[in-house]
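Peer 1: Just need the structure, nothing else, for what follows:
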Amino acid sequence: MMEQNLVEIRDLSVKFKLKGGTIRAVDNVSLDIPKGKVTALVGESGSGKSTLASAILKMVSSPGVISNGEIKINGEDILTMKQRELQQYRWSQVSMVFQAAQNSLNPVVRIKEQFIETYLAHKKAPEKEILERAAQLLEYVRLEPKRVFESFPHELSGGMKQRVMIAFSLLLDPDLVILDEPTTALDVITQDYIFDILLKIHEELGITMLLLSHDISVVAKVADRIGVMYAGKLVEVGDIFEIFTNPKHPYTSGLIKAAPSLLEDLEHTVPIGGSPPDLLNLPLGCAFHPRCQFAKDICKQVTPLMETVGENHLTACHLYNAARDERVN
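Peer 2: Okay, the predicted model is just below:
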């Protein structure tokens, strides 16, 4: 049975025009987000994950612009929506827990009032009904509603504020929840606790999630599919088990080898050599080739295209296009 896609992104590009040149933060990316699944996007800082997520909300920060492509949710292209439609689309169809989400809370307003204000900005309902809904969600993320409702943000710990924001993201029953580095700045035990909650939400509510992270190891617990981004491009995408057991792109392999293990000594952890590229001065060909031990002449000249390398498994690497390799070398 074929999966039904909630979101279909095609040839999406986001550009930032700066004094020194133009950055293609997202460069012709095509990605499907299956309904009812958790899809993870991983990559180092600057890979384009957060920009892609902002584009799904049509909230790319200035001076960024969506220069081409389409983003469809339930078959409707959000890039053609008017401002009033977008206001309803955000939170009610797609919500987002931003990086360092605790900073999204108003520091001088009690949590209770923020729940009411958020809900009424999109739908009309009695305050009692809104708070009943909010209380259910707070209990879902293992918080005590009475205490949290009367608190100001500074009276809650970082982990509690993160869970409050997850509850906010579910308030209007969205089709998709985007979580951008949901455990940043939290200790390891709290991180694991947050992911337990996300897994419970996904399993019991069947909600579709897009999880963004720089750490490929932390998404393995909850993700069904994974996409790997590098220098604004999607370089590999597939089933989470397939990617971890049989990674095809050298960058994906590098991310997995660089992740610390609880079972092995740190000496087994191998960091990726070199540094992420300067997006204003990307190398010709494959942007990863200066850091790749398998780089050939073609990698320095021709940008690789996505190739099918298995069932629902694609990668953009010249190692999997022998015909083109022979033509150039």
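Peer 1: make it CA atoms for all contacts and neighbour counts henceforth
Peer 2: Noted.
Peer 1: Give me the below-cutoff pLDDT ranges for the stretch 1-150 of the chain.
Peer 2: Scanning the stretch 1-150 of the chain with the threshold set as pLDDT under 70 gives 1-2, 101-102.
Peer 1: mind running it again at 90?
Peer 2: For the stretch 1-150 of the chain, the stretches flagged by pLDDT under 90 are 1-3, 20, 45-46, 83-84, 87-88, 90-92, 98-104, 121-123.
Peer 1: Please apply the same query to the stretch 201-329 of the chain.
Peer 2: 201-206, 214-222, 257-271, 273-275, 310-312, 320-329.
Peer 1: That one: strands as residue ranges?
Peer 2: 208-213, 225-230, 233-239, 307-310, 313-315 (DSSP state E, counting those that start in this stretch).
Peer 1: Which stretch among the ones you listed approaches Leu143 most closely?
Peer 2: Leu143 lies closest, by CA to CA, to one member of the strands of the stretch 201-329 of the chain: strand 208-213, at 21.4 Å.
Peer 1: how close does Pro271 get to Gln114?
Peer 2: According to CA to CA, to the nearest Å, Pro271 and Gln114 sit 43 Å apart.
Peer 1: again with His214
Peer 2: From His214 across to Gln114, the span is 30 Å (CA to CA).
Peer 1: Please say which of those two ends up with more neighbours.
Peer 2: Applying other CA atoms under 10 Å to His214 and Gln114 shows that His214 carries more neighbours, namely 21 against 15.
Peer 1: backbone phi and psi for that one, please?
Peer 2: Main-chain dihedrals, His214, degrees, to the nearest 10: phi -90, psi -10.
Peer 1: these two touch, right, it and Ser47?
Peer 2: No. Using CA atoms under 8 Å, His214 makes no contact with Ser47, being 9.1 Å away.
Peer 1: tell me the contacts of the closest residue to His318 other than its chain neighbours?
Peer 2: Take His318 and drop its neighbours on the chain: the residue closest to it by CA to CA, 6 or more residues apart in numbering is Pro304, 5.8 Å away. Counting by CA atoms under 8 Å, 6 or more residues apart in numbering, Pro304 makes contact with Gly285, Cys286, Ala316, Cys317, His318.
Peer 1: swap in Leu179?
Peer 2: The neighbours of Leu179, taking CA under 8 Å, 6+ apart as the test, are Met96, Val97, Phe98, Gln99, Met209, Leu210, Leu211, Leu212.
Peer 1: who wins for most neighbours among those residues?
Peer 2: Most neighbours among the contacts of Leu179, by other CA under 10 Å: Met209, with 28 neighbours.
Peer 1: can I assume it is in contact with Lys37?
Peer 2: Yes. Under the criterion of CA under 8 Å, Met209 makes contact with Lys37 at 6.5 Å.
Peer 1: shared neighbours, those two?
Peer 2: With CA under 8 Å, 6+ apart as the test, Met209 and Lys37 both reach His202.
Peer 1: Just give me the neighbour total for Gln301.
Peer 2: Neighbour tally, Gln301, other CA under 10 Å: 14.
Peer 1: Then Asp297?
Peer 2: With other CA under 10 Å as criterion, Asp297 counts 12.
Peer 1: Distance-wise, check it relative to Ser157.
Peer 2: Asp297 sits 52 Å away from Ser157, taking CA to CA as the criterion.
Peer 1: Asn68 is nearest to which of the strands of the stretch 201-329 of the chain?
Peer 2: Of all those, strand 233-239 sits nearest to Asn68, with 14.3 Å by CA to CA.
Peer 1: who's in contact with Val164?
Peer 2: Val164 touches Leu138, Val141, counting by CA under 8 Å, 6+ apart.
Peer 1: next helix or strand past the strand or helix carrying it?
Peer 2: Element membership for Val164 (DSSP states H and E) is helix 158-170. Following helix 158-170 in sequence order, the next helix or strand is strand 176-180 (DSSP H and E).
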